[in-house]
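A.B. asks: Let me see the structure of the following:
(2 chains)
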Amino acid sequence: MSRVRVVDRGGEELRGAVLTGAHFMNGDVASAEGAIAAGCRFFAGYPITPATEVAERMAERLPEVNGRYIQMEDEIGSMAALLGASAAGMKSMTSTSGPGFSLMMENIGLGAMMEIPCVVVDVQRGGPSTGLPTLVGQQDMMQARWGSHGDYALVAYCPNSPQEMFDLAIAAFNTSEKYRIPVLMMADESVGHMTEKVVIPEKEAIHLVTRKKPTVPPEQYAPFKPDEDLIPPMALAGEGYSVRMTGLTHDIYGRPAINLDAQTELIPRLTEKIHKHSTEIVKYEEILMDDADIAVVAYGITSRCVRRSVELARRDGVKAGLFRLITAWPFPEKRIRELASKVKGFVVPEINLGQMLHEVERTVAGQVPVKGVTYHGGALPDPELTRKAIMEVAR
Amino acid sequence: MNSVLVEKLEGLEDIHPADKWLRTDMLPHIWCPGCGLGIVVNAYIKAAEKAQIPREKRVVVSGIGCSGRAAGYLNQDSYHTTHGRAIAFATGIKIARPDLNVTVLSGDGDLFAIGGNHFIHAARRNMDIKVICVNNFNYGMTGGQAGPTTPVGAKTTTTPYGCFEHPFNLPWLAATCGAVYVARWTTLDSRRLRDSITEALLKKGFAFVEVISPCPVGYGRPNKIGSGLDEMKMYMDKWDLRPPNWIIQEGSNPRDADISLGKPIVVGKFVDVERPTFLDLYWKILPHKEEKPLNEVDKKQVAGARV
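C.D. replies: Numbers count the residues shown, from 1 in each chain, chains lettered A, B, ... in the order given. Reported below is the predicted structural model:
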């Protein structure tokens, strides 16, 4: 947990942005520290269990590093303020859980459309509706991909430890800045509230990416004219570029263009700029996969619980392995497809009634059996259920 | 699109004094003949010139609706955001760059129905942004539906028998929520409107200007008012045929500024007070490393503009 300390002007020396060293902190706090280490200086949020600790940490820490914290009137306003602050040049983050995530959806779409970098941490709890505020769930995974209306593509990470909450917060900012997109951190209550050792590296060892700036004078600048990498350079508010942005379908100058041609030029690019770079964006971890006959695909807290299932299956003579998603979106299609020609089956445990399961099924496309293991939320996944599923698929 | 007109504009210099502040590639605009929005945009441009706020220091943010399109016509940093969220977006810009002059230009439905929550909280915080609300008593873009400002009895496509909901009294709402500057004008008062927006732009804190504006298609037609000009004349002398029906009253109580058919529209400046802004208190109360808080830059910029 964060140690609350009283700081004021002329008092104790304020802490810097990177708290190098070994800490004992929970996942929520670690994500806040990761964000600040990544250069985040603006946070807008609204209290919600189990993500409140992120906001609390930001409220405490941002003023120390000349950052700005605002508690907005709701999650809709938080998301809109995030985009405004980022459009004016501040790396920005918010945190929330299911109900708030739903409220943020419209403006996440605006972020995708205006191509404004920012990071949203969703510490998932059981749903739908108010659901299980204090207990774990992984039920927002498809919402992370399809939650806002229209076609767009974003990146979503799935941390499974406080250390990874820190590390992936930095990765999330770098990815958002590089591709000019909102990036989602799909954490869960168990990882968010888990307290573990978190090692924060030296400031110099942290690689940071910042958005591309225009290289042309204002009169030649077109805010949505992409470079070859499909990403347009970004001028900020107050730089003299007369930036024009709209949530309407627009041309390269940011002019509303409500017609087929403009839609055809813009919308495929918004998804293609992610797909084109998916090889460098996609992250996953393979444990005991080299000789595996059964691949267990899991993420977040579930990936830690079912590590036990893999070990139990191996003890019973079934060569199981764990394929851990670090990015849920984009989904590691290429690798799963390769594995589908090597393994005898997939098992997909998750704390929902089957969400990423669909993605595994789609990718495997019937080559081998795929079995979902559903955990309803409210408790850590019981490894025994997944062990049974592994044995069943191996039979 | 509109290539003929654009060529003509390029061949002539200063075809209109406001042209240099407009994105002429966007003209002609999408607004209906007789709409009051042009007067409001013109007033904003003149006010910004009068306040001597340089173009690169001005940001305009708008929501959705006819008024929402205003941002796109202004040749300065402009953000056309989601329905109701312009104030929240502007809040982010202002906090990130306190030296910028951030104006929200949007409609009554956008700011007070779907976006009402952000309005009351930005006013409460005394967020240093300027809000210009173009109030045309209806949702024009979607074809003239009733909104939070439609007077009782007025006809719209969703109140075909007459509106049966109480409307907001916007100056009173703004004042009670904590706005430090509150004024109301009609598009008929173009010079007073310009001067009032100038004051609002230079005011430190949450400044609110309501502009009663004609919508001959959405509001005028179902209520048999006539053209945009007729609707403006009505503010003056025919608001339910009870002259004098348009009262300029400096410093009057915003509580009495409610709009109903058969009652004069009260215009003027209602509130002009000082109160610490969000960032004033932020830097006063919170620890920070900077010797000079960023809002000092803001003060200087505003002070400089007054000269």
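
A.B. asks: do you know how far A:Leu14 is from B:Leu281?
C.D. replies: Distance, A:Leu14 to B:Leu281, using CB to CB, to the nearest Å: 19 Å. Any C-beta I mention is one placed from the backbone N, CA and C, and that applies to glycine too.

A.B. asks: of those two, who's got more company?
C.D. replies: A:Leu14 (16 against 13; other CB atoms under 10 Å in any protein chain shown).

A.B. asks: What separation is there between the closest residue to that one other than its chain neighbours and A:Ile200?
C.D. replies: Taking CB to CB, 6 or more residues apart in numbering or on different chains, and ignoring the residues beside it in sequence, A:Leu14 has A:Glu64 as its nearest neighbour in space, at 4.3 Å. A:Glu64 sits 15 Å away from A:Ile200, going by CB to CB.

A.B. asks: tell me which helix or strand of chain B sits lowest on mean pLDDT?
C.D. replies: Across the helices and strands of chain B, mean pLDDT, DSSP states H and E gives its lowest value to helix B:295-306, namely a mean of 41.

A.B. asks: helix or strand for A:Gly321, which one?
C.D. replies: strand A:320-325 (DSSP states H and E).

A.B. asks: what pairs with the helix or strand that comes right after that strand, and is each one parallel or antiparallel?
C.D. replies: Counting by DSSP H and E, the next helix or strand C-terminal to strand A:320-325 is strand A:327-329. Here strand A:327-329 has these sheet partners by DSSP bridges: strand A:155-157 (antiparallel).

A.B. asks: what does the strand it pairs with rub up against?
C.D. replies: Identification of contacts with strand A:155-157 by CB atoms under 8 Å, 6 or more residues apart in numbering or on different chains yields A:141, A:144-145, A:168, A:171-172, A:175-176, A:179, A:181, A:183-186, A:274, A:281, A:283, A:326-330.

A.B. asks: switch to 6 Å and redo it
C.D. replies: With contact meaning CB atoms under 6 Å, 6 or more residues apart in numbering or on different chains, strand A:155-157 is reached by A:Ala144, A:Leu168, A:Ala172, A:Thr175, A:Val183, A:Leu184, A:Met185, A:Met186, A:Ile281, A:Thr327, A:Ala328, A:Trp329.

A.B. asks: so how many other residues sit close to the fifth one?
C.D. replies: Around A:Val183 sit 29 other residues, with neighbours defined as other CB under 10 Å.

A.B. asks: Need the three-state assignment for it.
C.D. replies: The three-state assignment at A:Val183 reads strand, by DSSP: H, G, I helix; E, B strand; the rest coil.

A.B. asks: ok, now which ones touch it?
C.D. replies: Counting by CB under 6 Å, 6+ apart, A:Val183 makes contact with A:Val119, A:Val155, A:Ala172, A:Thr175, A:Ser176.

A.B. asks: For A:Ile390, state which of those residues is nearest.
C.D. replies: For those, the residue nearest A:Ile390 by CB to CB is A:Val155; the value is 29.9 Å.

A.B. asks: A:Ser129: which element?
C.D. replies: According to DSSP H and E, A:Ser129 maps onto no helix or strand at all.

A.B. asks: what about the residue nearest to it when sequence neighbours are not counted, neighbour count?
C.D. replies: In this structure, A:Ser129 finds its nearest non-sequential neighbour in A:Pro99, 7.3 Å apart by CB to CB, 6+ apart. Applying other CB under 10 Å, we find 18 residues neighbouring A:Pro99.

A.B. asks: before we move on, what SS does A:Pro99 have?
C.D. replies: Going by three-state DSSP: A:Pro99 is helix.

A.B. asks: if I look at it, how far off is A:Ala32?
C.D. replies: The value you get for A:Pro99 to A:Ala32, if CB to CB is used, is 21 Å.

A.B. asks: Enumerate every residue touching whichever residue of the stretch 51-200 of chain B sits closest to chain A.
C.D. replies: Distance from chain A to each residue of the stretch 51-200 of chain B (CB to the nearest CB) is smallest for B:Gly92, at 2.7 Å. B:Gly92 makes contacts with A:Ala81, A:Gly84, A:Ala85, as judged by CB under 6 Å, 6+ apart.

A.B. asks: Could you pull up the mean pLDDT of the helix or strand containing the first one?
C.D. replies: Here A:Ala81 sits within helix A:75-87, counting by DSSP H and E. Computed over helix A:75-87, the mean pLDDT rounds to 98.

A.B. asks: Neighbours of residue 174, how many?
C.D. replies: Looking at chain A here, since you left the chain open. There are 19 residues near A:Asn174, going by other CB under 10 Å.

A.B. asks: meant chain B, my bad for not saying
C.D. replies: Neighbours of B:Ala174 under the rule other CB under 10 Å: 30.

A.B. asks: Equivalent analysis for A:Arg304, please.
C.D. replies: So A:Arg304, with other CB under 10 Å, has 19 neighbours.

A.B. asks: which residues touch it?
C.D. replies: Applying CB under 6 Å, 6+ apart to A:Arg304 gives the contacts A:Asn160.

A.B. asks: Looks to me like it is in a helix.
C.D. replies: Yes. Under three-state DSSP, A:Arg304 sits within a helix.

A.B. asks: Could you show which parts of chain A are in contact with chain B?
C.D. replies: Proximity of chain A to chain B (CB under 6 Å from any CB of the partner chain) is limited to residues A:7-9, A:14, A:42, A:63, A:66, A:68, A:73, A:77, A:80-81, A:83-85, A:88, A:90, A:106-107, A:110, A:237-238, A:240, A:242-247.

A.B. asks: which intervals of chain B have sub-threshold pLDDT?
C.D. replies: B:1-14, B:237-249, B:287-307 (pLDDT under 70).

A.B. asks: What segments of it are strands?
C.D. replies: Taking DSSP state E as the test, the strands found in chain B are B:58-62, B:77-80, B:101-107, B:130-135, B:181-186, B:207-212, B:246-248, B:265-272.

A.B. asks: Can I get those in TSV including distance to B:Pro33 and mean neighbour count?
C.D. replies: Below are the strands of chain B laid out as TSV (distance: least, CB to CB, whole Å; neighbours: other CB atoms under 10 Å in any protein chain shown):
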stretch	distance to B:Pro33	mean neighbour count
strand B:58-62	21	28
strand B:77-80	23	28
strand B:101-107	18	30
strand B:130-135	17	27
strand B:181-186	18	27
strand B:207-212	18	29
strand B:246-248	23	16
strand B:265-272	23	21
